[in-house]
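Asker: here is a sequence with its predicted model. Questions after.
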Amino acid sequence: MFYNGLPSIDLHGENRESARVLLNEFINDNYKLHYKNLIIIHGKGSGILKSTVHEELRRNKLVKSFKLDFFNDGQTLVEILEKK
């Protein structure tokens, strides 16, 4: 499966707090732009950034669903609500 053309954000090297802020801004911006599917790149590493991203995605009311990419567990695929 190819994800060319989907909006994405790379959070490598960010700390937890800046990752939260950047992630929520990214989701809000793409909601306003009417994008429905997003890619969040958090890397594999020790899993701290991945768990922070997933925790924040659970809290964000604009997120319809999310799942770890089957082909690359260093990124998460996100579906956000459609803007009405």
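Answerer: Yep, it's here.

Asker: average pLDDT for the longest helix that the chain contains?
Answerer: Using DSSP state H to define each element, the chain has its longest helix at helix 16-32. Average pLDDT, helix 16-32: 97.

Asker: repeat that for stretch 68-84.
Answerer: 93.

Asker: out of everything not next to it in sequence, what's closest to the residue nearest to the spatial centre of the chain?
Answerer: Residue closest to the average C-alpha location in the chain (CA atoms, centre = their mean): residue 40, at 3.4 Å. Excluding the flanking residues, the one nearest residue 40 by CB to CB, 6 or more residues apart in numbering is residue 76, at 4.6 Å. Glycine gets a C-beta too; all of them are placed from N, C-alpha and C.

Asker: hey, where'd the strands end up in the chain?
Answerer: Secondary structure of the chain (DSSP state E): strands located at 8-10, 37-41, 63-68, 75-80.

Asker: returning to that earlier point: what residues does the longest helix of the chain touch?
Answerer: For helix 16-32, contacts defined as CB atoms under 8 Å, 6 or more residues apart in numbering pick out 7, 9, 11, 14, 38, 40, 42, 48-49, 52-53, 56-57, 60, 62-63, 78, 80-81, 83.

Asker: what's the distance between residue 64 and residue 44?
Answerer: Between residue 64 and residue 44 the computed distance is 25 Å (CB to CB, to the nearest Å).

Asker: which residues touch stretch 70-77?
Answerer: 1, 3, 8, 37-44, 50, 53-54, 57, 66-69.

Asker: now the buried members of these.
Answerer: Applying a neighbour-count criterion of 16 or more other CB atoms under 10 Å, the buried members of the contacts of stretch 70-77 are 38, 39, 40, 41, 42, 43, 50, 53, 54, 57, 66.
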